[in-house]
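Peer 1: sequence first, then the predicted structure:
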Number of protein chains: 2
Amino acid sequence: MAAPARTLEVDLGERSYPIYIGEDLIADPALYRPHVAASQVMIVSNETVAPLYLARVKAALEGFRVAEVVLPDGEIYKDLVTWNRIFDALLEHRFGRDCTLVALGGGVIGDMAGFAAACYQRGVDFIQVPTTLLAQVDSSVGGKTGVNHAAGKNMIGAFHQPRAVIADTSTLSTLPERELAAGLAEVVKYGLIRDADFFDWIEQHRLQLLARDAAALSEAVERSCLSKAEIVAADERESGQRALLNLGHTFGHAIETGAGYGNWLHGEAVAAGMVMAAEMSHRLGWLDADATARIASLLRGFDLPIDPPPLSGADGWLELMAVDKKVQNGVIRLVLLRAIGHAVVSSDFAVDQLRDAIAAAIGEAGERPVG
Amino acid sequence: MAAPARTLEVDLGERSYPIYIGEDLIADPALYRPHVAASQVMIVSNETVAPLYLARVKAALEGFRVAEVVLPDGEIYKDLVTWNRIFDALLEHRFGRDCTLVALGGGVIGDMAGFAAACYQRGVDFIQVPTTLLAQVDSSVGGKTGVNHAAGKNMIGAFHQPRAVIADTSTLSTLPERELAAGLAEVVKYGLIRDADFFDWIEQHRLQLLARDAAALSEAVERSCLSKAEIVAADERESGQRALLNLGHTFGHAIETGAGYGNWLHGEAVAAGMVMAAEMSHRLGWLDADATARIASLLRGFDLPIDPPPLSGADGWLELMAVDKKVQNGVIRLVLLRAIGHAVVSSDFAVDQLRDAIAAAIGEAGERPVG
């Protein structure tokens, strides 16, 4: 018998929803049933996750009219063409406006299924069942959904909140090591943004996390989700502090786009991006050398790649960063650090300073990164 | 000098917006400027409308950073592939989250540009500049946006309200006759749904409308928009009375899908669909024979096709209707008439009664339509 789920609430008025966190939740009918409005349920999964968990989710949904669509696995398939296959399945099964989608997989599946739920017949319900650490601590909570465009990541999407998130930490046992590390990068992010104590805790529990100790993983998921739930509740559509969650992401998106989708995992790109943000913050005199070094050291300790790729040089980097969604009126805004546990959104720097920081990080012109 | 625009307000709290109606509005900078938040404006138009009006809209937007994307014309292009060309253009020009889209064209352009605005970077502003009667009286107001799927019309979309609607009745002078008639079908719809006086007025002004008398067209657009604005304000997301606007649409969508997109204009399919809805209402004993005949007669008087196509017989019709968005829990709900000016949403009939009504309408089994 599994321990009962811990429940966090994302407080968004009429759109509020629970996040269930714990072991062996994925097959528990009681977690799904309150959140399925009618009889039709479409499970959206991928070729890697479906063989592992689809049967158990279907068993939990016994009594509903359940169908599934299994997509190819990988960020390179997060596009409009693959997305349309979800609609093919929904229409083939004659699913109506009162159906519910279940996203069973990592962040790519969650984003695509959530975006399909946002747009099918102008909006239907969905439930997130994240099976990667990255999806459990980040992408499944908060309602950001979407697909990539060849010219930019997540450029096509919607805000659409799930009815519930079922984060079963047992599913992390099947996660490849590289994906575990990518998820830990996002865990570190919460410490950096607003919780210095949590950053300390992560440093102290680095080996347990890498060894997938159940208690350590549950604690990491819960504290991360709590941070995210609070931030999202305060700023659902990212007009203010929610932008802090993008720490490392403007740099990271440039890596993902410039290196080609799928070559860097999202969390890997965010890890390298956070180190770049820390170095930029240090150059501006905002973050001290010791903190800058601690950040790089912790991420390296999770076997994350923290040296950014050169791409086509610092100017190419700036080009890629200019298409990021954080650009307003042509001005690049970055999430930077005043200290560990204190992130700010800022455009209070010269483009040349940014260019120099990038050049140093990629080893251009003989410079070496700080830290 | 053009007459000043008449302004109606769609009252949706923070998402409220004006509808400007009148002659020679399309080139008036004062109607655009208050609704463009930043500097970047992307005009989305098609190959038919752009040569007629694009230059004038660009002139009105002088001083902004304006770009355009011109799509092929026609309902058959209202799909994800063509839709993606809008994102190609936005990203090619590095447009940010604070850009504004301008939809210049008929309902297809309005739906596609509006849906692109809903999804670009998870939502940007847009302005509707409808150049067909159908778009002016219906699709440009209310925030329904989307594209078609091969298996069903408007199956992929979003609710996304424009910042303003600029309905320039002068643009109707270039409208092909068939499209004028298709728009008049939607005008008749407002009379049927909730305004018997307006229905009488349309009957009395039939010839002026067909002759494109400026005063008659303005009156028709204004009264239609007033009805639509009130209905949308009361029920933005179609949980209740907004569904009345779908009078004739469940039948009409079956025609459009079954006959292949683009063979029937939307308004033509709605005209035939409204006659079918009237006949069904008459069969149920709700609508008297005289009213049923008046409806068919008025629509025929606008040269609209009121005899539905046989498609693959009554059973094929039911199949097509079953994928319509108005289906809930597998039950077909129709908008039917209690009287001219009094529509209701109902599933209070047997499928056999519906089947018989369709069979009669398409002349199957020797039956002939009532009315």
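Peer 2: Here it is on my side, so go on. Model, not experiment: these values are computed from the prediction.
Peer 1: residue A:44: which element?
Peer 2: Using DSSP states H and E, residue A:44 maps to strand A:40-46.
Peer 1: show residues contacting that strand.
Peer 2: Residues outside strand A:40-46 that contact it (Cβ atoms under 8 Å, 6 or more residues apart in numbering or on different chains): A:53-54, A:57-58, A:61, A:64-73, A:86, A:89-90, A:93, A:95-96, A:98-106, A:108-109, A:112-113, A:116. All C-beta atoms are positioned from the backbone trio N, CA, C, and that covers glycine.
Peer 1: go again with 6 Å.
Peer 2: A:54, A:57, A:61, A:64-71, A:73, A:86, A:90, A:95, A:99-105, A:109, A:113 (Cβ atoms under 6 Å, 6 or more residues apart in numbering or on different chains).
Peer 1: now, those that are in strands?
Peer 2: Of the contacts of strand A:40-46, the ones assigned to strands by DSSP state E are A:65-71, A:100-105.
Peer 1: where does pLDDT dip in the stretch 51-200 of chain A?
Peer 2: Along the stretch 51-200 of chain A, segments meeting pLDDT under 70 are nowhere present.
Peer 1: return the residues of it in contact with chain B.
Peer 2: Residues of the stretch 51-200 of chain A lying close to chain B by Cβ under 6 Å from any Cβ of the partner chain are A:80, A:84, A:87, A:91, A:94, A:96-98, A:119, A:121-122, A:149, A:151-152, A:156-159.
Peer 1: would you mind checking these for buried ones?
Peer 2: A:80, A:84, A:87, A:91, A:96-98, A:119, A:121-122, A:149, A:152, A:156-159 (16 or more other Cβ atoms under 10 Å in any protein chain shown).
Peer 1: and for the residue in the stretch 151-300 of chain A that chain B sits nearest to, nearest residue in space, chain neighbours not counted?
Peer 2: Residue nearest to chain B within the stretch 151-300 of chain A: residue A:151 (3.9 Å; Cβ to the nearest Cβ). Spatial nearest neighbour of residue A:151, chain neighbours left out: residue B:91 (3.9 Å); criterion: Cβ to Cβ, 6 or more residues apart in numbering or on different chains.
Peer 1: swap in residue A:276?
Peer 2: The shortest distance from residue A:276 to any non-neighbouring residue, by Cβ to Cβ, 6+ apart, is to residue A:251 (4.4 Å).
Peer 1: ok but that neighbour is inside a helix, no?
Peer 2: Yes - under DSSP: H, G, I helix; E, B strand; the rest coil, residue A:251 falls within a helix.
Peer 1: flag the shaky bits of the stretch 201-350 of chain A, pLDDT-wise.
Peer 2: Scanning the stretch 201-350 of chain A with the threshold set as pLDDT under 70 gives A:261, A:324-330.
Peer 1: quick one, strands of it?
Peer 2: Remark: strands assigned in the stretch 201-350 of chain A by DSSP state E, counting those that start in this stretch are A:334-339, A:342-346.
Peer 1: which one of the ones you listed lies nearest to chain B?
Peer 2: Smallest distance to chain B across these (Cβ to the nearest Cβ): 13.7 Å, for strand A:342-346.
Peer 1: in whichever strand or helix holds residue A:179, what's buried?
Peer 2: Assigned by DSSP H and E, residue A:179 falls within helix A:177-194. For helix A:177-194, burial by neighbour count (16+ other Cβ under 10 Å) applies to A:179-194.
Peer 1: what residues does that helix touch?
Peer 2: Residues outside helix A:177-194 that contact it (Cβ under 6 Å, 6+ apart) are A:132-134, A:137-138, A:198-199, A:202, A:220, A:224, A:227, A:244, A:247, A:265, A:267-268, A:270-271, A:302-304, A:340, A:343.
Peer 1: could you flag which of those are buried?
Peer 2: Applying 16+ other Cβ under 10 Å to the contacts of helix A:177-194 flags A:132-134, A:137-138, A:198-199, A:202, A:220, A:224, A:227, A:244, A:247, A:265, A:267-268, A:270-271, A:302, A:304, A:340, A:343 as buried.
Peer 1: residue contacts, the residue nearest to residue A:320 when sequence neighbours are not counted?
Peer 2: Of all residues not flanking residue A:320 in the chain, residue A:254 sits nearest, at 3.8 Å (Cβ to Cβ, 6+ apart). Listed by Cβ under 6 Å, 6+ apart, the contact set of residue A:254 reads A:317, A:320, A:321.
Peer 1: out of those residues, who's the most crowded?
Peer 2: Using other Cβ atoms under 10 Å in any protein chain shown as the neighbour criterion, residue A:317 leads the contacts of residue A:254 with 27 neighbours.
Peer 1: what ranges does chain A have for its helices?
Peer 2: With DSSP state H as the criterion, chain A has helices at A:29-32, A:55-60, A:80-92, A:107-119, A:133-134, A:177-194, A:196-204, A:206-210, A:214-234, A:249-259, A:266-283, A:289-301, A:313-322, A:351-361.
Peer 1: the third one - contacts with which helices or strands?
Peer 2: Read it as helix A:80-92. Under the contact criterion of 3 or more Cβ pairs under 6 Å, 6 or more residues apart in numbering or on different chains; DSSP states H and E, helix A:80-92 touches strand A:65-71, helix B:80-92.
Peer 1: can you dump the C-alpha atoms of it in PDB for me?
Peer 2: Extracted in PDB, the C-alpha atoms of helix A:80-92 (Å, rounded to 0.1, in the frame of the first residue of the first chain):
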ATOM      1  CA  LEU A  80       2.500  21.500 -35.200                       C
ATOM      2  CA  VAL A  81       2.600  18.400 -37.400                       C
ATOM      3  CA  THR A  82       2.900  16.000 -34.500                       C
ATOM      4  CA  TRP A  83       0.500  18.100 -32.400                       C
ATOM      5  CA  ASN A  84      -2.200  17.700 -35.100                       C
ATOM      6  CA  ARG A  85      -2.100  13.900 -34.500                       C
ATOM      7  CA  ILE A  86      -3.800  14.500 -31.200                       C
ATOM      8  CA  PHE A  87      -6.700  16.200 -33.000                       C
ATOM      9  CA  ASP A  88      -6.800  13.300 -35.500                       C
ATOM     10  CA  ALA A  89      -7.300  10.900 -32.600                       C
ATOM     11  CA  LEU A  90      -9.900  13.100 -30.800                       C
ATOM     12  CA  LEU A  91     -11.900  13.400 -34.000                       C
ATOM     13  CA  GLU A  92     -11.500   9.800 -35.000                       C
END
